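>>> show me how the following folds:
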Amino acid sequence: MSEINDKLIETISHAVGIIYDPKGLKKAQREFTATIFDQTASREDLSVDEKMAIIQEYKYLLSKKYNREDVFDRANKHLKNDAQPENIDSSWIISFWDKAGTITNEGLKELWGRVLAQEANTPNTISKRLLHNLSLMSLSDAQNFINIARFCFDDIAKEIAHPLIFIKEHPGVYAGSNITTQILKELELYSLIETNYDTGFAYEKKKVLKYQKHIVEVSGERIKAGNVRLTEDGQCLYKIVEKTEKEEIFGFAIEALQYNGSTVKVIDA
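Next comes the predicted model:
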């Protein structure tokens, strides 16, 4: 795995045009910082305000460096042995590098680490649009999406996920699970989901889905699938986040499918 880590470091260094050492030479780094501060303080051609500005800017850049290192450390845990970091597009790395430096929340750093690992494992799967939207999201936004992911059933045939959320018919039920139309609207602004409260979304004829240990065969002329679906970016993020599935969510989704006229057969995997 260390070889994969080294390849990722080399890819980042080449893309951003600097020598990137996330492994850290702590003592040398402290000494270099002290030297910068001492040299700045001793310069007679600078005013006090100018000296403070230089030091503050350096501290800001240093904090971004620490944030990136934290994200990198988290990415390492999710790298696969067959990862191909050398195939990540340089412009993607530059965009990631710029945004990752501003991530200070520990929970979001974990998410960004997973994003970097995913792109290294399978290059060209995370769009720069998704990177941009993630950089705008708060921790609560990310948690709201992870909450939506709990309601997703995996489509065995297409390798995509379907959030079976029937919020138009049962708003109170979903409010109890911290899903409201306002929260869905906010996630829609980040291009992670689409909503349809008029006719809802539907499948044709038959679907084979998976949730936890259950295989679910759903059939009908028009299978009503609720009011929410994941966008392409939402599908990518769904594959990355850590999900906690629950039996009560599964049971309610099955009841909703049956209530809307579909034939449902549940098979334990």
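
>>> my guess is Arg229 is in a helix, correct?
No - secondary structure of Arg229 (DSSP: H, G, I helix; E, B strand; the rest coil): strand, not part of a helix.

>>> near it, how many other residues are there?
For Arg229, the neighbour count with other C-beta atoms under 10 Å is 21. From N, CA and C alone the C-beta is placed, and that goes for glycine too.

>>> next: Lys206.
Lys206 has 13 neighbouring residues, counting by other C-beta under 10 Å.

>>> now the helices: where do they sit in the stretch 151-269 of the chain?
Using DSSP state H, counting those that start in this stretch, the helices found in the stretch 151-269 of the chain span residues 171-175, 181-189, 232-240, 247-259.

>>> neighbouring contacts of the third one?
By that I understand helix 232-240. 111, 114-115, 118, 125-127, 129-130, 133-134, 145, 149, 152, 160-161, 191-193, 230 (C-beta atoms under 8 Å, 6 or more residues apart in numbering).

>>> so where's the chain shaky on pLDDT?
Where the chain drops to pLDDT under 70, the residues are 1, 17-41, 46, 48-49, 51-55, 57-58, 269.

>>> so where do the strands sit in it?
Ranges of strands within the chain are 152-155, 160-163, 193-195, 202-211, 214-224, 228-230, 263-268, based on DSSP state E.

>>> could you export those as CSV, including distance to Glu3?
Formatted as CSV, those follow (distance: least, C-beta to C-beta, whole Å):
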stretch, distance to Glu3
strand 152-155, 32
strand 160-163, 32
strand 193-195, 38
strand 202-211, 34
strand 214-224, 38
strand 228-230, 34
strand 263-268, 41
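
>>> deepest-packed of those, please.
strand 228-230 (a mean of 23; mean count of other C-beta atoms under 10 Å).

>>> which strands or helices does that strand pack on?
strand 160-163, strand 193-195 (3 or more C-beta pairs under 8 Å, 6 or more residues apart in numbering; DSSP states H and E).

>>> how many residues are close by Lys185?
Neighbours around Lys185, by other C-beta under 10 Å: 11.

>>> please name the residues that touch it.
Going by C-beta under 8 Å, 6+ apart, Lys185 touches Thr195.

>>> roughly how far does it sit from Tyr60?
Distance of Lys185 to Tyr60, computed by C-beta to C-beta, to the nearest Å: 34 Å.

>>> coming back round to it: can I get the buried part of the contacts of helix 232-240 as one ChimeraX selection?
To isolate the buried members of the contacts of helix 232-240 in ChimeraX, using 16 or more other C-beta atoms under 10 Å:
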select :111,114,115,118,126,130,133,134,145,149,152,160,161,191,192,193,230
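
>>> where along the stretch 1-150 of the chain do the helices fall?
2-16, 26-42, 48-76, 90-100, 106-121, 128-136, 139-149.

>>> ok so, going back, would you list the helices and strands packed on strand 228-230 in TSV and tack on distance to Val264?
Converted to TSV, these look like this (distance: least, C-beta to C-beta, whole Å):
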stretch	distance to Val264
strand 160-163	14
strand 193-195	24
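
>>> residues near Thr11, how many?
21.

>>> numbering from 21 from now on, please.
That works, and once the first residue is 21, the last one we named lands at Thr31.

>>> Pro191 versus Trp112, what's the distance?
In terms of C-beta to C-beta, Trp112 sits 39 Å off from Pro191.

>>> of these two, who's got more company?
Each of Trp112 and Pro191 has its neighbours counted (other C-beta under 10 Å); Trp112 has more, 18 against 13.

>>> from Ile32, how far out is that one?
From Trp112 to Ile32 the distance is 11 Å (C-beta to C-beta).

>>> so who does Lys148 touch?
111-112, 115.

>>> ok, so of those, who is nearest Val238?
Trp112 (37.3 Å; C-beta to C-beta).

>>> mind checking how far stretch 275-284 is from the chain centre?
32 Å (C-alpha atoms, centre = their mean, to the nearest Å).

>>> which parts of it are buried?
276-277, 280, 282, 284.
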